[in-house]
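# Here is the input, now give the coordinates:
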Amino acid sequence: MTKSFTTSENTYNRTVSLLIIFAVIVTVVFFTILSKNYQRKTKASTGEFATLQFVPASVVAPPQQDVPVAIKLGQVSGPLSIQGYRILGSFDRTKIRITNVTYTLGRVTTGLGDSTDLTQANATGRLVLQGEIFNSASVVVNQDTAVATIHLTVIDQNFTTSNFTFMGNLVALEQLYRLDLVPVNSSTLSVSNTSFTGTPVTTISPSVSVSPTATPTPSGNTTLNMDLRFQGITKDLTPAATMAVKVKLVSVATNESYSQVVTFTSGPLGIWTGSMNINVVSIGGVNTAYTLYVKGPKHLQKRVCVSTPTETTPGTYNCANYGIHLNLGANIIDMRGITQLAGDLPISPSTQNAQDGLIDSVDTAYIVDHFNDRTAAVLTAADVNLDGNIDTQDYSIVIAALGIKYDDPEAQ
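Now for the predicted structure:
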């Protein structure tokens, strides 16, 4: 009897020991993988990058001549396994026209990348190269990997050189099937017009006394080409609509700022585009950080600290101490990845029927009180999805934004 008990006890102890050893091994393996994955994520977010190169390296052509340009990866921090990419090109639509785009790396992402219909790209001066690897495997890319070929023509005779600026992200496949964004740093293609002969010089007779005139201050040496997405507007609007959006650029270093009401125009898939010219030298200069504040006419203010912000849940994007670095010339601020929440209606009695920086019962009650009201003033104030009516859809959109409720505050 005693022997039987001892045998059972030994069997039990061995079983417990094996379970403990197994649990320790699993724990060690788990934290080892987690640690490696964390290190990889840190490396990707701080050290990995890519640039672009162009073949030919610059375009020199007369007006109306079709010129193909191959876009390839230039410098790459190392071989990257990717499943997609999004590269934005900004150009002067009064001087350059894109006539064709052919994707070499993967295929175009339907509805998001520019390919056959280039009407929107040429109307806004923004080209979107968005592609995906269409099979289950990712593709390893490195220097000289071909991305796409674009065809362009010069359409204006009265300029010497214009820049075509590209920047964006590669979607890299990381460990444990996690996707990470690898930035494609700003790269510029120079486009020169060979037919430009210069501005004629007017000769002034010596007998005429000419008083010196002051040199005007430049109205802007930097252009912000911006894309926005508004809550509740997810499709094309016919005809296209416009929206007056307050945009404020603040230097992180000096706290100097510049504000402008920018007209944004609706486009495909609920994307709105607008541009702002600014002399950044007057408020902080280049190679310094800036914060951007954006507030729509029925929307909460959003603070933006990077040129391509993203979020997982609409309206939750938040940022703090870092900033956007701007170049002289064209800059792309792609805010398609975040949502401008609606609900701060221009109706507050305390601000003389203007916005008051928050969503509350005053806003929701106004919508309920004006259900099915199609008068122009009411639609301007409360038709947040721009469908021409005040109804439960507008109410639901504003209720959904109550989780955020307040404007993003400006730095003090």
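# contacts, neighbours, all on C-alpha from now
Noted.
# quick one: buried residues of stretch 376-394?
Val378, Leu379, Thr380, Ala381, Ala382, Asp383, Val384, Asn385, Asn389, Ile390, Asp391, Asp394 (16 or more other CA atoms under 10 Å).
# just the residues you listed now: which is nearest Asn169?
Distance to Asn169 across these (CA to CA) is lowest for Asn385, with 30.1 Å.
# Please tell me the pLDDT value assigned to the closest one.
Looking at Asn385, its pLDDT reads 94.
# tell me the contacts of it?
Contact analysis of Asn385 by CA atoms under 8 Å, 6 or more residues apart in numbering lists Gln231, Gly232, Ile233, Gln393, Asp394.
# Show me the buried residues of stretch 376-394 that map onto helices.
Among those, the members found in helices (DSSP state H) are Val378, Leu379, Thr380, Ala381, Ala382, Asp394.
# helices or strands up against the longest strand seen in the chain?
Scanning the chain for the strand with the most residues, using DSSP state E, yields strand 179-193. On a contact count with 3 or more CA pairs under 8 Å, 6 or more residues apart in numbering; DSSP states H and E, strand 179-193 meets helix 2-46, strand 50-55, strand 58-61, strand 161-173.
# Determine how far that strand lies from the middle of the whole chain.
Relative to its chain's centre, strand 179-193 lies at 14 Å (CA atoms, centre = their mean, to the nearest Å).
# pull the CA atoms of that strand into CSV?
Taking Å, rounded to 0.1, in the frame of the first residue of the first chain, the C-alpha atoms of strand 179-193 are listed here in CSV:
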residue,chain,number,x,y,z
LEU,A,179,2.9,45.6,-41.3
ASP,A,180,5.0,48.7,-40.8
LEU,A,181,5.5,51.9,-42.7
VAL,A,182,8.9,52.8,-44.1
PRO,A,183,9.1,56.4,-45.2
VAL,A,184,10.1,57.4,-48.7
ASN,A,185,11.9,60.7,-48.2
SER,A,186,11.2,63.7,-50.4
SER,A,187,12.8,63.4,-53.8
THR,A,188,12.6,65.9,-56.6
LEU,A,189,12.5,65.6,-60.4
SER,A,190,13.5,68.8,-62.2
VAL,A,191,11.5,69.6,-65.4
SER,A,192,13.0,72.3,-67.7
ASN,A,193,11.5,74.0,-70.7
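# rewinding a little: quick one: which of the contacts of Asn385 is nearest Leu80?
Nearest to Leu80 out of the contacts of Asn385 is Gln231 (CA to CA; 34.6 Å).
# residues contacting that closest one?
For Gln231, the contact set (CA under 8 Å, 6+ apart) comprises Thr339, Gln340, Leu341, Ala342, Asn385, Ile397.
# Closest one to Gly403 out of these, please.
Comparing these against Gly403 with CA to CA places Leu341 closest, at 10.2 Å.
# Quick check: that closest one touching Gly315?
Yes - using CA atoms under 8 Å, Leu341 makes contact with Gly315 at a distance of 5.9 Å.
# would you turn the ones in helices among the buried residues of stretch 376-394 into JSON lines with pLDDT and distance to Val191?
Formatted as JSON lines, those follow (pLDDT from 0 to 100; distance: CA to CA, whole Å):
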{"residue": "Val378", "pLDDT": "95", "distance to Val191": "48"}
{"residue": "Leu379", "pLDDT": "95", "distance to Val191": "45"}
{"residue": "Thr380", "pLDDT": "94", "distance to Val191": "43"}
{"residue": "Ala381", "pLDDT": "95", "distance to Val191": "44"}
{"residue": "Ala382", "pLDDT": "96", "distance to Val191": "45"}
{"residue": "Asp394", "pLDDT": "94", "distance to Val191": "46"}
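# As a markdown table, those residues with distance to Asn225 would be great.
Listed next are these as a markdown table, based on distance: CA to CA, whole Å:
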| residue | distance to Asn225 |
| --- | --- |
| Val378 | 31 |
| Leu379 | 28 |
| Thr380 | 26 |
| Ala381 | 27 |
| Ala382 | 27 |
| Asp394 | 29 |
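# Of those, just say which sits nearest to Gly131.
Nearest to Gly131, judged by CA to CA, of these is Asp394 at 34.1 Å.
# Can you tell me how far the closest one is from Phe159?
48 Å (CA to CA, to the nearest Å).
# which outside residues touch stretch 164-172?
With CA under 8 Å, 6+ apart, stretch 164-172 has contacts from 52, 80-92, 179-191, 308, 330-332.
# any chance you could map the strands in the stretch 51-200 of the chain?
58-61, 67-76, 80-90, 96-103, 107-108, 126-132, 139-141, 146-154, 161-173, 179-193 (DSSP state E, counting those that start in this stretch).
# Now do the last one: everything it contacts.
It refers to strand 179-193. Strand 179-193 is contacted from outside by 41, 44-45, 48-54, 57-63, 87, 154, 157, 159-174, using CA under 8 Å, 6+ apart.
# Then the fourth one?
Judged by CA under 8 Å, 6+ apart, the contacts made with strand 96-103 from elsewhere in the structure are 66, 114-116, 118, 121-122, 131, 147-156.
# Run the angle between that strand and strand 67-76 for me.
Angle of strand 96-103 versus strand 67-76, following axes from the mean of the first three to the mean of the last three CA atoms, to 10 degrees, is 60 degrees.
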